[in-house]
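Engineer: Fold the stuff below for me.
(2 chains)
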Amino acid sequence: AQRVTQPEKLLSVFKGAPVELKCNYSYSGSPELFWYVQYSRQRLQLLLRHISRESIKGFTADLNKGETSFHLKKPFAQEEDSAMYYCALSGSGGSNYKLTFGKGTLLTVNP
Amino acid sequence: EAGVAQSPRYKIIEKRQSVAFWCNPISGHATLYWYQQILGQGPKLLIQFQNNGVVDDSQLPKDRFSAERLKGVDSTLKIQPAKLEDSAVYLCASSLTARTAYGYTFGSGTRLTVV
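Structural biologist: You can find the predicted model right below:
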């Protein structure tokens, strides 16, 4: 079974502070991990995926298979980062490519 | 590139009524998904289509929910009869292929309120 856990429903930081959104997963095979973001009144969109190992809007995330984690980090938060963030997992093979989402973390960056 | 289109944007119905949602995926996308997002939770997959065939409907409450994608393009999700707990945002997503979860594009969703 695929499961994604985001332990924080709400996270509030000040502008310029570092931010880390936690994500832990459960999957018996080799997963692919994603972070999705939903800004106010906008549709859900992909932020980054672990395979590409890229930085998007200053955010990075490293897959730690030992700790089964995929935490999202940004060294200096900006007000425009305020949004709902979802961690998602996809398996491999057959219908396992479907995305399983966590419950999300609402990030608020205060001025 | 046009995005995934969904309609209506909002719907309010009374319990035990029926309702239908429509989704038009990105042109050429073979795979189509319907997700249910209850307030405070992440999206949950209801059904996955590959062209006009069902790949996964294991989490679809089949006693009241049905979905079809007759010509392998647009899709309809129906609830009959609706219950209060069906209040949620129903998201449609599409992708070129089912062989990867990369490349999902989501629609804006339909917000359903059952009173």
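
Engineer: Is stretch A:40-58 in proximity to chain B?
Structural biologist: Yes: looking at stretch A:40-58 against chain B by Cβ under 8 Å from any Cβ of the partner chain, the contacts come from A:43-46, A:49, A:51. Every C-beta, even on glycine, is put in place using the N, C-alpha and C of the backbone.

Engineer: So which bits of that stretch are buried?
Structural biologist: Applying a neighbour-count criterion of 16 or more other Cβ atoms under 10 Å in any protein chain shown, the buried positions in stretch A:40-58 are A:43-44, A:46-50.

Engineer: Using pLDDT, spot the least trustworthy of those.
Structural biologist: Least confident entry in those, by pLDDT: A:His50, with 83.

Engineer: any idea how far the residue positioned nearest the centre of chain B is from B:Trp22?
Structural biologist: Most central residue of chain B, judged by C-alpha distance to the mean C-alpha position with Cα atoms, centre = their mean, is B:Trp34 at 2.9 Å. B:Trp34 sits 11 Å away from B:Trp22, going by Cβ to Cβ, to the nearest Å.

Engineer: Then A:Pro18?
Structural biologist: Look at A:Pro18 and B:Trp22: by Cβ to Cβ, they are 43 Å apart.

Engineer: Looking at these two, which is more packed in?
Structural biologist: In terms of neighbours (other Cβ atoms under 10 Å in any protein chain shown), B:Trp22 is the more surrounded of A:Pro18 and B:Trp22; the figures are 14 against 10.

Engineer: Report the beta-bridge partner residues of the more buried one.
Structural biologist: Beta bridges link B:Trp22 to B:Ser7, B:Thr76, judged by DSSP bridges.

Engineer: In chain A, mark out all the strands, start to finish.
Structural biologist: The residue ranges that make up the strands of chain A, judged by DSSP state E, are A:3-5, A:10-14, A:19-21, A:24-26, A:32-38, A:45-49, A:60-61, A:72-74, A:83-90, A:99-101, A:105-110.

Engineer: immediately after the helix or strand of chain B with the lowest mean pLDDT, which helix or strand?
Structural biologist: When the helices and strands of chain B are compared on mean pLDDT, DSSP states H and E, strand B:53-56 comes out lowest with a mean of 90. With elements assigned by DSSP states H and E, the helix or strand that comes after strand B:53-56 is strand B:65-68.

Engineer: Would that following strand count as contacting chain A?
Structural biologist: No: Strand B:65-68 does not reach chain A (Cβ under 8 Å from any Cβ); its nearest approach is 14.8 Å.
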